[in-house]
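> I'd like to go over a predicted model; first the sequence, then the structure.
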Amino acid sequence: MRYYVVTGGPLTSKAAEVIKDGAIIAADKGIDFCFEHGFTPSLAVGDMDSISPSGLERLNSSEIPVKTFPVEKDMTDTELAISFVPEGEDLTVVCPLSGRIDHVTANIQLAAALHRNGRNIRLDDGVTEVRFLSGSDETSLTLDRYGDDSAVSLVPLSFDGNVTGVTTEGLYYPLNDAVISCGKTLTFSNKPNSGVSKIKVSIREGLMAVMVSSSKT
């Protein structure tokens, strides 16, 4: 089963298109987003400091299970929500990938660490999708929703070592067994070859994010 953790923040209606069949865990203001777009979470999690009064009233009158936490806590609502996803299940975190840079950074770091520990996790807000590669790893991304307007960036995530064996298929600027380093921008703002609807990225060692979005956003 695929799980979706839906967070708060500036999510557009495009984010609703990300959610397919599966279980939904809504974090705080993400509950409002679910109600607005016709989704019923299987679980609501958070300190409930940003959900709207009407959303909270609707939640309390529903049969949706709720896990409430204090405002003063050691984890974000997103991290708490993720902790309720069973080990081994596929996970999409529907969260803003623009706006509050601290929250965006926290979610990228959190997802990268979880992927490195074996979780199949990605971030997606309907405009940008982020996948992660760790160790000997590969991923394929379908670009249909972006058309020929995809911007593809390969972003190393660790200063402790290089990402090695970076190889791509379907990108305009190809890589073959390349080495890339954190703090360098060589692999940012690539694009697919004309007519290509699916790309593949693989690495031999390291920790890296593959980010795809519309180049017009």
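All right, it came through fine.
> pull the longest helix from the chain.
helix 101-116 (DSSP state H).
> Tell me which helix or strand D32 sits in.
helix 30-36 (DSSP states H and E).
> Just the buried residues of that helix, please?
Within helix 30-36, the residues that count as buried by 16 or more other C-beta atoms under 10 Å are 30-35. All C-beta atoms are positioned from the backbone trio N, CA, C, and that covers glycine.
> Stretch 123-135 too?
Using 16+ other C-beta under 10 Å as the test for burial, stretch 123-135 gives 123-134.
> do stretch 174-188 as well
In stretch 174-188, counting by 16+ other C-beta under 10 Å, buried: 175, 178, 180, 182, 187.
> now swap in stretch 137-146 and tell me
Here stretch 137-146 shows 137, 141, 143, 146 as buried, counting by 16+ other C-beta under 10 Å.
> Ends of that stretch, what's the gap?
Using C-alpha to C-alpha, to the nearest Å, one end of stretch 137-146 lies 24 Å from the other.
> got it, and stretch 131-144?
One end of stretch 131-144 to the other measures 16 Å (C-alpha to C-alpha).
> So for the residue nearest in space to the middle of the chain, what's the nearest residue that isn't a sequence neighbour?
Centroid-nearest residue in the chain, with C-alpha atoms, centre = their mean: L123, separated by 0.6 Å. Take L123 and drop its neighbours on the chain: the residue closest to it by C-beta to C-beta, 6 or more residues apart in numbering is V130, 4.2 Å away.
> same thing with T7?
Leaving aside its chain neighbours, T7 sits nearest to C95 (4.2 Å; criterion: C-beta to C-beta, 6+ apart).
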